[in-house]
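[1] here are the coordinates; sequence isn't available:
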């Protein structure tokens, strides 16, 4: 299994998606991030913008401290 320094970000978002039961379409509708962009970003998380991560964290109710910690790990 290949690991990436971005795994924490992807894991936090996918866990929250699963926990909330939200579909990619529902997330896209609530955030304004298209399904294709969302799935592309999850495949290449280094392309996420800070804005996208913030709106996704708020929409999926990921605690900001958790998201911040994942971002710091990715930038280390």
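    Received it, and whenever you're ready, just let me know what you need. Keep in mind the model is a prediction, meaning the values are calculated, not measured.
[2] where in this protein is pLDDT low?
    Where the chain drops to pLDDT under 70, the residues are 1-2.
[3] got the contact list for the spatially most central residue of the chain?
    Geometric centre of the chain, nearest residue: residue 13, 3.9 Å, by C-alpha atoms, centre = their mean. Applying C-beta atoms under 8 Å, 6 or more residues apart in numbering to residue 13 gives the contacts 42, 56, 57, 60, 62. Bear in mind the C-beta positions are built from the backbone N, C-alpha and C, glycine included.
[4] mind checking which helix or strand it is in?
    Taking DSSP states H and E as the definition, one finds residue 13 inside helix 7-20.
[5] roughly how far apart are the closest residue in space to residue 28 that isn't next to it in sequence and residue 63?
    Computed as C-beta to C-beta, 6 or more residues apart in numbering, the closest residue to residue 28 that is not its neighbour in sequence is residue 35, at 4.7 Å. Look at residue 35 and residue 63: by C-beta to C-beta, to the nearest Å, they are 25 Å apart.
[6] and those two? Which one has more around it.
    More crowded of residue 35 and residue 63, by other C-beta atoms under 10 Å: residue 35, with 14 against 11.
[7] if I look at the more buried one, how far off is residue 68?
    26 Å.
[8] ok, the closest residue to residue 17 other than its chain neighbours - contacts?
    Spatial nearest neighbour of residue 17, chain neighbours left out: residue 60 (6.1 Å); criterion: C-beta to C-beta, 6+ apart. Contacts for residue 60 (C-beta under 8 Å, 6+ apart) come out as 13, 16, 17, 19, 20, 22, 27.
[9] cool, thanks, talk later.
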